[in-house]
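>>> give me the fold of what follows.
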Amino acid sequence: MRGRRHVLCAAAVCGGVLGSGSLALAAFTDSTGRSASFEAQTWFTPVLSSVPDVLGSAREGSILTVGAPSFLRYPANVPDTYTWQRCDAAALSCTNVGAAATYTPVTLDVGSHLRVVVSSRRGTGTPLVSTSNLTTVVQDTGTLNNRPSNTATPTISGTTTIGSTLTAAAGTWTGVSDGYDYQWLRCDNLGRTPCTPVGANATTYLLTPADAGARMRVQVTGKVFLSSVTAVATTADTSIVN
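Numbering: from 1, shown residues only. Model (predicted):
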């Protein structure tokens, strides 16, 4: 008759689930009374919480950097890889232009939008690919000198609960002489583009049941008196509306 084997294991293993992509340890005592241990290690695809950001000013010669994505579960533990892309306004046609954590727009980028595609991986698991929102139109240095400039990003304040009112602040600008326009946008729960305008153009917005499960964003346009020259800046997304 074979001797008994007593197994003691981590709850995640005994429950049939090897949890969170982390290390699970198990120990056993065999028929000779000897004890041993083994390390069970598995890897899961990261679960995305928010998409990456492009940080910096979208203009020729100005360095852009990647704001890394965040994860709900199984965060990446292998260095991300990056692909910068030059796109049209609808992101229907994009061309790869860079593969580092930073990118400096060149003359060919002027008039287009930029975005970054980030590949995140945990151990030997399947990579998760996430894509940033598009930047504003890339400006050349000469054009930018004649435009308003946003020096502190617009913000949204308030509670993201249906029936509550959110308030947008324009941030800090230079060169604005004719005020600001506001466009409230409803984005999906990961903040991915395209976002849907909700028809609100004031500094405040009343959350409705249609906003449930979404994140809100505001696009602020700085204007110059008696001129068609403008500049656009966008807030960070709110938390999910509930």
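>>> low-confidence bits of the protein, can you list those?
For the chain, the stretches with pLDDT under 70 are 1-43, 141-146.
>>> quick one: the helices in the protein, in order.
11-14, 141-145 (DSSP state H).
>>> name the residues that touch stretch 85-102?
For stretch 85-102, contacts defined as C-beta atoms under 8 Å, 6 or more residues apart in numbering pick out 63-66, 80-84, 103, 108-109, 112-117, 134, 137, 193-194. From N, CA and C alone the C-beta is placed, and that goes for glycine too.
>>> ugh, wrong one, stretch 232-242
50, 136, 150, 153-156, 160-162, 166, 168, 171, 173, 187, 189, 191, 207, 211-222.
>>> repeat that for 6 Å
Residues outside stretch 232-242 that contact it (C-beta atoms under 6 Å, 6 or more residues apart in numbering): 136, 150, 154-156, 160, 187, 189, 191, 207, 211-212, 214-221.
>>> same question for stretch 154-165.
166-171, 204, 206-207, 209, 218, 220, 233, 235, 238-239, 241.
>>> and it, what's buried?
154, 156, 158, 160 (16 or more other C-beta atoms under 10 Å).
>>> can you list the residues you listed in JSON lines and add distance to residue 126?
Output for the buried residues of stretch 154-165, formatted as JSON lines (distance: C-beta to C-beta, whole Å):
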{"residue": "154", "distance to residue 126": "37"}
{"residue": "156", "distance to residue 126": "35"}
{"residue": "158", "distance to residue 126": "38"}
{"residue": "160", "distance to residue 126": "32"}
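>>> for residue 178, state which of those is nearest.
residue 154 (16.8 Å; C-beta to C-beta).
>>> can you give the domain ranges for the chain?
Domains of the chain are assigned by automatic domain parsing as 6-41, 45-145, 148-242.
>>> how about residue 61, phi and psi?
The phi and psi torsions at residue 61 (degrees, to the nearest 10) take the values phi 90, psi 0.
>>> skipping adjacent residues, who's closest to the residue nearest the centre of the chain in space?
Nearest residue to the geometric centre of the chain (C-alpha atoms, centre = their mean): residue 51, 2.4 Å. Computed as C-beta to C-beta, 6 or more residues apart in numbering, the closest residue to residue 51 that is not its neighbour in sequence is residue 130, at 5.1 Å.
>>> you'd agree the one you found is up against residue 49?
No: contact criterion C-beta atoms under 6 Å: residue 130 and residue 49 do not qualify, at 10.1 Å.
>>> more crowded one of the two?
Using other C-beta atoms under 10 Å, the more surrounded residue of residue 130 and residue 49 is residue 130, with 22 against 14.
>>> ok, that one to residue 178 distance?
37 Å (C-beta to C-beta, to the nearest Å).
>>> give me the beta-bridge partners of residue 150?
residue 173 (DSSP bridges).
>>> buried subset of the contacts of stretch 154-165?
166, 168-171, 207, 218, 220, 233, 235, 238, 241.
>>> show me what contacts the residue nearest to the centre of the chain?
With contact set as C-beta under 6 Å, 6+ apart, residue 51 has these partners: 69, 130, 132, 190-192.
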